[in-house]
Structure formats: structure tokens, C-alpha cells
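Visitor: I'll drop the sequence and a predicted model, then ask my questions.
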Amino acid sequence: MTHWLSGQRLSGRALALLGLFAFLLFLPGRASIPPFDRDEPRYMEATAQMLESGNFVDVRFQDKPRYLQPAGIYWLEAAAVAATGTLKERAVWAYRIPSLLAMSVSVVLTAWIGSALFGATAGLMAGVMLMVSVLVTAESRMGTIDSTLLLTVLLAQVALVRALLDRENGRPTPWQAAVLFWVAIGCGLMLKGPVILIPSLGTPLALALVERNLSLWRRLRPAWGWCIALALMLPWCVAIGVVSHGAFFTNAVGTNFLGKVASGQQAHGLPPGYHVLVFLLAFWPGSFFVAAAVPAIWQNRRAQTVKYLLCWIIPHWVVFELIATKLPHYVLPTYPAIAVLSAGMLARGAAQWQAWPKALWARGLLCFYGVAWALVGVALAAAGPVLLWQLEHVVSLPALVLAGGCLPLVGLAAVQIYRAELRRAFVTSATCAALLYVGLFTVVVPRLQSIWLAPRLAGLVQTHLPCGAQTQVASVSFSEPSLVFLLGGKVHLVGVEQAASMMLANRTCTLALVDEKKRAAFMAALGGAQALSYGMVSGLNYSNGHHLAISLYGLAPQEPTEPPKP
């Protein structure tokens, strides 16, 4: 253990500066980018309804219960929205505050763990590696659950690292570390239910199995610690059980959680190996350095720090490779451990990083992975101008400047990798990633108007409200949650016949959004009533890949019938 801990640790000031840098890197685009369908606006709308109704127990999306996970994330977003006073404006940035803060702190905690286990250099590299990864920079900008869940995972791991270091140095572990561990688990349970147990309990128990020693587990005070976690979630569980008559547990645990194990939900069923393949992009630019670290990790697999990190990574990764439903963020809780382990090898094992592997097959595999890594970097660097040209048919000078600045850095990093100058390649590629993300989220993504259908549809509706807030809106062809959120929840997602019936029942105060493909059926359902078009919005629904041309319709005022002549 002392071999890995011989270096100086990061100071509090260095950790604070790293956290500030992460905060600034995650900030661009937070207010200018509309809600990402489909999960993010569901959280946003349910949170808004929670604040409007004052019901902080029974989570709902429009008139339907949202019994998928506990209420923790909705409480955090509700606190952010209430503190900023932005409920009426439906400002998306307020709902994203918890993710911003949680991911910034997660970068700091990753650096602290890396510093405690491998020294200051490794800690700094681990924090930066996590911070600039593609998946992390995307999740930090979304008002979803995964950034806050990652924070609870890391808080539990911080307590576990403290207990591990105390054990190796023959010191008693203070009770505060055990309290932190079980409080983090309790908060994680309130965020996403039993998912928190896989990395947080799986790590010490897997390590105990490998070592055939329960001493680390005992330092976490499991005899009474579980009571803390239970106390944090039990009041809400009792309340929702009473309110929902047990339906929450049936749906959240039976359908949502266990259902993902047996079958791929929402068309996300994929075979094992998916997360390994996606890792190349999701953890870019750190993914190559992880692959290059595998030989050093194997050589040092019996070191205490390496065993601990592998016991963090492997159980969680295996579980989510085996379950049927797969999404990239399911293995996000392993990313800090992967960053720390790879950075530890890169920072401490200098002799092992000076050349490519000696075995021909290993050299060939790493070369292939390096080429794929470089191609991903080129694709990301060129994505801005290509997307703007393909989707908006515009040539953007700022996007071209961005690509022109990032592509040489990708090339330089590739050359440095070829020369086995991996530390320099890491710095170069991390710099490239940071510049790339700032540019994409400030210059490119907000300008992709053709994919942001919901904001344009909401704007069209809000300029044609014949009865103000009393206007009924029916959406026939676009049922994405982003539209529901941006229209304040006041939109009916219905079929052609229902939309026509609504308009005929309330001719003056009803509008309908109808795609051109369904226009004929809609007009037929109206009978002889005359429909007026107030405008059209066209573009790509990126959630399903359908191109839509949606018009806003209202009924012409009914002409008064003349009284019969005497």
C-alpha cells in the first residue's frame, strides 16, 4: 500500500480550483439548449407540477402517476426552481442546477480518491479524465437523475476509501466515515432506489470475498448503519405506499427495476458487450488511456488499491452487461474508478508506459483501438460544421474555426500516442475535449433549430391563444414530453378523432397541432367545419427519426344563421 501512497496529495485549494474549472466547463449551453427528450422534460414537468400542486409525495406527469423511482430528484429540482423563482417561466436552466453542482463535486471527489490512493498527480489526472469524458459532459447538462446518483456513489466510496486507508495504516476508522457511507446510501435510495446498492455495497463485499476478510466491512458499522439509510427513505416510502395503495412499489420495483433485468424496455434491449463497445465514445478521450493501462493494471492486480478499484468496477459493470435493458449511463458509477485506476497507472508506473506492449497480439489490439479512438476524435471535432450543414444547410464560420482548432489537437495527440508519450497525449486530448465541448454547446447545438421542434411549436401556439390561458391545445402528431413541459403541461396528446371532437365541442378556444401526413384524416374528422392554419413548423424528431411538418389549426368562427323571413 505504501508504494502507491508515497506521493503528495492534492491540497484543498487545488481541489477547489479543479471543482471551479469543472463548474465552468459544464456551464455553457445550460440555458440555451431546450429540454432533451425524452427523460429530462418528464423530470422537469413532474417537478413543476409538484411545485404547483404542493404535493411533494405523489409524483405525476400530467394526470398520470410517475411511479418509476423515489421523489429525491424531484425534490432537488423543486428546491432549485423555487430558489430561483423561475416556475412560471419554465426556465430549463433552473432544473439543471442539481446536475451541474453534483457533477462538479463528483469531479472533485474523484480527484480526492485518486490523490489518496496514488498521489496528487494521479488525482488531478483522474479528475480531469472524468470531467472531459463525453458522457459526463452530456449528463452534467441534463436535469436527470444520473449526475446526482453519481455523487451519492462517490460519497459512499470516499467513506470506504477512508476506512481502507485507516485499516492499512492500523488506525481506527471514525464513526463519521460510517455515517457518511450510510447517509450516501440512504440518499441514493431516495434518488434511484436499489441501484445505489450495486456499487456501494458491492465494492466492500466483493473486496471481502477476494480477501476472505470482513474487516473493512466491519469498519462501516453495518450493525447499526443500515438504520440510517432506512430512516432517510422510510417516511416517504410509507407516505407513497398509503397514497398509491401500494401501486408505487408494484410499478417501480416490479415493472421498472426488475423488468429491465428480464427484457429490454423502451427498445433498449441489447446483448452483453454493449457497454464495452460504447465506452470508446462515452469515455473519450480517456478511453484509449484506459485500454493502454490494462497491462499495468494486470501486473499490479494484487496491490491493495488496484484490488479495491477493480471490486468497484467489475461487479457493477457485469450486472449491467447482463441485464437486458442497456443505456450508456447505466455504467456511469464505474467511471470515477476507471479514471482513478488508469490515472494511477499513468502517473505512477512510468516504466510501463514508455512503450507499446511487447506481445504482437496486444500491440495489434491496442493499435486498432488507437485508430478507432483517433477516428472518434476526428468525428467529434468535425461534428459542428457537418451537423449545421446537414441539418440547417448553413456554413458556420465559428463552427469551422472550432473544428480547425480541435482537429490539429486530435492529430497531435495521435502522434504523441504513436511515440508512446502518453502523458503528453492525455494533456493534449483533454485540452481538445474541453475546447470542443465549450464550442459545441455554445456555437453548434443551440443553432440546430430543425431538431428543436418543441420550442418552435410552443412558440407558435403561444402567439395564437384565442382564449389566453383557457385555450385548449391538442397535439396529434408530436407527443414528446418537451412540448408538454414548454406548454406548462396544458396540452392534450390525443389522436385525430379526439382532436377533432375537442375542436367541435369548443370551437373558439381549441387549437390542434397536426402533421401533414394526418391532415386529410383530421379534416375528414371535422366534417364540414372550416379549419384555419396559423402556421407550420417542420423538422426532425430526433427521438424517433421522423421528419415532421406540423401545422397549427383552429376553427373559423361559425357564421350566425339568419332568422327565417316572415
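Guide: Done, it's in.
Visitor: distance check, the residue lying closest to residue 59 once chain neighbours are set aside against residue 58.
Guide: Counting by Cβ to Cβ, 6 or more residues apart in numbering, residue 59 lies nearest to residue 66, which is 4.6 Å off, once chain neighbours are set aside. Every C-beta, even on glycine, is put in place using the N, C-alpha and C of the backbone. As defined by Cβ to Cβ, to the nearest Å, residue 66 lies at a distance of 9 Å from residue 58.
Visitor: between the two, which one's more packed in?
Guide: Higher neighbour count among residue 66 and residue 58: residue 66, with 20 against 17, using other Cβ atoms under 10 Å.
Visitor: quick check on residue 548: phi, psi?
Guide: phi -130, psi 150 (degrees, to the nearest 10).
Visitor: start the count at 487 instead of 1 going forward.
Guide: With 487 as the first residue, the last one maps to residue 1034.
Visitor: what's the burial count for it?
Guide: Quick note: residue 1034 (other Cβ under 10 Å) scores 19 neighbours.
Visitor: for it, list the residues it contacts.
Guide: Residues counted as contacts of residue 1034 (Cβ atoms under 8 Å, 6 or more residues apart in numbering) are 939, 963-964, 1001, 1024-1027.
Visitor: give me the buried subset of those.
Guide: 939, 963-964, 1001, 1025-1027 (16 or more other Cβ atoms under 10 Å).
Visitor: lowest-confidence one in those residues?
Guide: Of all those, residue 963 carries the smallest pLDDT score, 87.
Visitor: for it, what are its contacts?
Guide: Residue 963 sits in contact with 999-1001, 1003-1004, 1034, 1036, where contact means Cβ under 8 Å, 6+ apart.
Visitor: what does residue 642 give?
Guide: 666-667, 670-671, 674, 682, 685-686.
Visitor: what are the buried residues along the helix or strand hosting it?
Guide: Element membership for residue 642 (DSSP states H and E) is helix 632-654. Residues of helix 632-654 classed as buried by neighbour count (16+ other Cβ under 10 Å): 632-653.
Visitor: may I have it as CSV, with CA atoms only?
Guide: What follows is helix 632-654, C-alpha atoms only, in CSV (Å, rounded to 0.1, in the frame of the first residue of the first chain):
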residue,chain,number,x,y,z
ASP,A,632,-27.7,10.3,-13.0
SER,A,633,-25.4,13.1,-12.0
THR,A,634,-26.9,13.3,-8.5
LEU,A,635,-26.8,9.5,-8.2
LEU,A,636,-23.1,9.5,-9.2
LEU,A,637,-22.5,12.0,-6.4
THR,A,638,-24.0,9.7,-3.8
VAL,A,639,-22.0,6.8,-5.1
LEU,A,640,-18.8,8.8,-4.7
LEU,A,641,-19.7,10.0,-1.2
ALA,A,642,-20.1,6.3,-0.2
GLN,A,643,-16.7,5.5,-1.9
VAL,A,644,-15.0,8.4,-0.1
ALA,A,645,-16.1,6.8,3.2
LEU,A,646,-14.9,3.4,2.0
VAL,A,647,-11.5,4.8,1.0
ARG,A,648,-11.1,6.4,4.4
ALA,A,649,-11.8,3.1,6.0
LEU,A,650,-9.4,1.3,3.7
LEU,A,651,-6.6,3.7,4.4
ASP,A,652,-7.2,3.5,8.1
ARG,A,653,-7.1,-0.3,8.0
GLU,A,654,-3.9,-0.4,6.1
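Visitor: quick check: mean pLDDT of it?
Guide: Computed over helix 632-654, the average pLDDT equals 97.
Visitor: from the chain's centroid, how far away is that helix?
Guide: Here helix 632-654 is found 20 Å from its chain centre; the criterion is Cα atoms, centre = their mean, to the nearest Å.
Visitor: next structured bit after it?
Guide: Downstream of helix 632-654 (by DSSP H and E), the next one is helix 661-678.
Visitor: all helices for the stretch 887-1036 of the chain, in order.
Guide: 908-925, 939-948, 967-972, 982-991, 1005-1011 (DSSP state H, counting those that start in this stretch).
Visitor: residue 563 is nearest to which of those?
Guide: helix 967-972 (11.9 Å; Cβ to Cβ).
Visitor: now for the closest one, which elements pack on it?
Guide: helix 525-539, helix 939-948 (3 or more Cβ pairs under 8 Å, 6 or more residues apart in numbering; DSSP states H and E).
Visitor: tell me the most buried of those helices?
Guide: helix 525-539 (a mean of 22; mean count of other Cβ atoms under 10 Å).
Visitor: now the following helix or strand past that helix: average pLDDT?
Guide: Downstream of helix 525-539, the next assigned helix or strand under DSSP H and E is strand 546-547. Average pLDDT, strand 546-547: 96.
Visitor: check which strands are paired with strand 546-547 and give the direction for each one.
Guide: strand 550-551 (antiparallel) (DSSP bridges).
Visitor: okay, which residue is most central for this structure?
Guide: Note on the chain: the residue nearest the mean C-alpha position is residue 625, at 3.0 Å, using Cα atoms, centre = their mean.
Visitor: I'd say that residue and residue 815 touch.
Guide: Yes. Contact between residue 625 and residue 815 holds when scored by Cβ atoms under 8 Å: they sit 6.1 Å apart.
Visitor: shared neighbours, those two?
Guide: Here residue 625 and residue 815 have residue 632 as joint contacts, going by Cβ under 8 Å, 6+ apart.
Visitor: what's the domain layout of the chain?
Guide: 498-518+528-835, 848-933, 936-1041 (automatic domain parsing).
Visitor: deepest of these, which one?
Guide: Most buried of the domains of the chain, by mean neighbour count (mean count of other Cβ under 10 Å): domain 498-518+528-835, with a mean of 20.
Visitor: quick one: residue 895 and residue 916 touch, right?
Guide: No. Using Cβ under 8 Å, residue 895 makes no contact with residue 916, being 9.7 Å away.
Visitor: for residue 598, give its distance to residue 643.
Guide: For residue 598, the distance to residue 643 - Cβ to Cβ - is 10 Å.
Visitor: now swap in residue 979 and tell me
Guide: Distance from residue 979 to residue 643, by Cβ to Cβ: 42 Å.
Visitor: just residue 843 next, same as before
Guide: 30 Å.
Visitor: again with residue 1033
Guide: In terms of Cβ to Cβ, residue 1033 sits 45 Å off from residue 643.
Visitor: run through who's touching stretch 717-727.
Guide: 543-544, 556-557, 669, 672-673, 675-676, 734-735.
Visitor: what residues are up against the nearest residue to residue 572 once chain neighbours are set aside?
Guide: Take residue 572 and drop its neighbours on the chain: the residue closest to it by Cβ to Cβ, 6+ apart is residue 580, 4.4 Å away. Shown in contact with residue 580 (Cβ under 8 Å, 6+ apart): 563, 566-567, 570, 572.
Visitor: ok, residue 516 next?
Guide: 578-579, 582, 586, 627.
Visitor: out of those residues, which two sit at the greatest distance?
Guide: 578 and 586 (12.1 Å).
Visitor: from what I can see residue 653 touches residue 700, true?
Guide: No. At 11.4 Å, residue 653 and residue 700 do not qualify as touching, with contact defined as Cβ under 8 Å.
Visitor: dump the buried ones among the contacts of residue 1034 to JSON lines, plus distance to residue 987.
Guide: Shown next, in JSON lines, are those (distance: Cβ to Cβ, whole Å):
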{"residue": "939", "distance to residue 987": "25"}
{"residue": "963", "distance to residue 987": "17"}
{"residue": "964", "distance to residue 987": "19"}
{"residue": "1001", "distance to residue 987": "18"}
{"residue": "1025", "distance to residue 987": "28"}
{"residue": "1026", "distance to residue 987": "30"}
{"residue": "1027", "distance to residue 987": "25"}
